[in-house]
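> no FASTA, just this:
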């Protein structure tokens, strides 16, 4: 069944509206599996419909503009996230939660930039036999291993301050001093 561009856009809008209603209802009922399943099913449905569209959906200019916009968005977000990360690290004396949030933000920015690099290399069609690509994959594997170990260490909850009976009690060997906020 072939679709015109107008028919495809109408079906796409209806699909998005239906998915939005179903998402909101599932979240209200605190069922987070349904939105994940609906997201996959909805994406596959729209991809299958897109293959049956008669007409031009996008051209090279759209792809070039999208690439420039994605690169600029990545650069701006990375800069803002790093600034926020350093601000949270300066506040980590007040509460260890700030340090955990800062580390999560920094690791997510690193993962985001690595993902962008891998996708960029894929679209640049670098041969898998290229020695630089093999070296880059090895370095990426090391960074991922360091990321996983760092994340496990940061979020293990072994070295922090715990509020017990109105007093801050050290759990392990916290890097930060006793929190200044009241322990309730």
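Arrived safely. None of these values were measured; they are calculated from a predicted model. Residues are numbered from 1 along each chain as shown.

> how close does the residue of the chain most remote from its centre sit to residue 3?
Going by Cα atoms, centre = their mean, the residue of the chain most distant from its centre is residue 165, 37.5 Å out. To residue 3, residue 165 is 66 Å away according to Cβ to Cβ, to the nearest Å. Just so you know, the C-beta spots here come from the backbone N, C-alpha and C atoms, and that holds for glycine as well.

> Also residue 16?
16 Å.

> And these two? Which one has more around it.
residue 3 (17 against 12; other Cβ atoms under 10 Å).

> So that one sits against residue 48, correct?
No: when contacts are counted by Cβ atoms under 8 Å, residue 3 is not listed as touching residue 48 (10.8 Å).

> Now do the buried residues in whichever helix in the chain runs longest.
Criterion DSSP state H: the longest helix present in the chain is helix 60-90. Buried residues in helix 60-90, defined by neighbour count with 16 or more other Cβ atoms under 10 Å: 81, 85, 88-89.

> What is the lowest-pLDDT residue among those residues?
When the buried residues of helix 60-90 are compared by pLDDT, residue 89 scores lowest at 89.

> Enumerate the positions of the host helix or strand of residue 37 that are buried.
Element membership for residue 37, per DSSP states H and E: helix 33-51. Applying a neighbour-count criterion of 16+ other Cβ under 10 Å, one finds 35, 38, 42, 49 buried in helix 33-51.

> Stretch 103-114 now?
103, 105-107, 109-110.

> Same list (the residues you listed) but as a markdown table, adding secondary structure and distance to residue 182.
Output for the buried residues of stretch 103-114, formatted as a markdown table (DSSP: H, G, I helix; E, B strand; the rest coil; distance: Cβ to Cβ, whole Å):
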| residue | secondary structure | distance to residue 182 |
| --- | --- | --- |
| 103 | helix | 25 |
| 105 | helix | 26 |
| 106 | helix | 29 |
| 107 | helix | 30 |
| 109 | helix | 33 |
| 110 | helix | 35 |
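
> now, which of the residues you listed sits nearest residue 21?
Ranked by distance to residue 21 (Cβ to Cβ), the buried residues of stretch 103-114 are led by residue 105 at 32.3 Å.

> Check which element follows the helix or strand that contains residue 104 along the chain.
Using DSSP H and E, residue 104 maps to helix 96-124. Sequence order places helix 131-154 as the next helix or strand after helix 96-124, per DSSP H and E.

> between that following helix and helix 96-124, how many degrees?
Computed by axes from the mean of the first three to the mean of the last three Cα atoms, to 10 degrees, the angle separating helix 131-154 from helix 96-124 equals 160 degrees.

> what's the offset of helix 131-154 from the middle of its chain?
Averaged C-alpha coordinates place helix 131-154 at 17 Å from its chain's average position (Cα atoms, centre = their mean, to the nearest Å).
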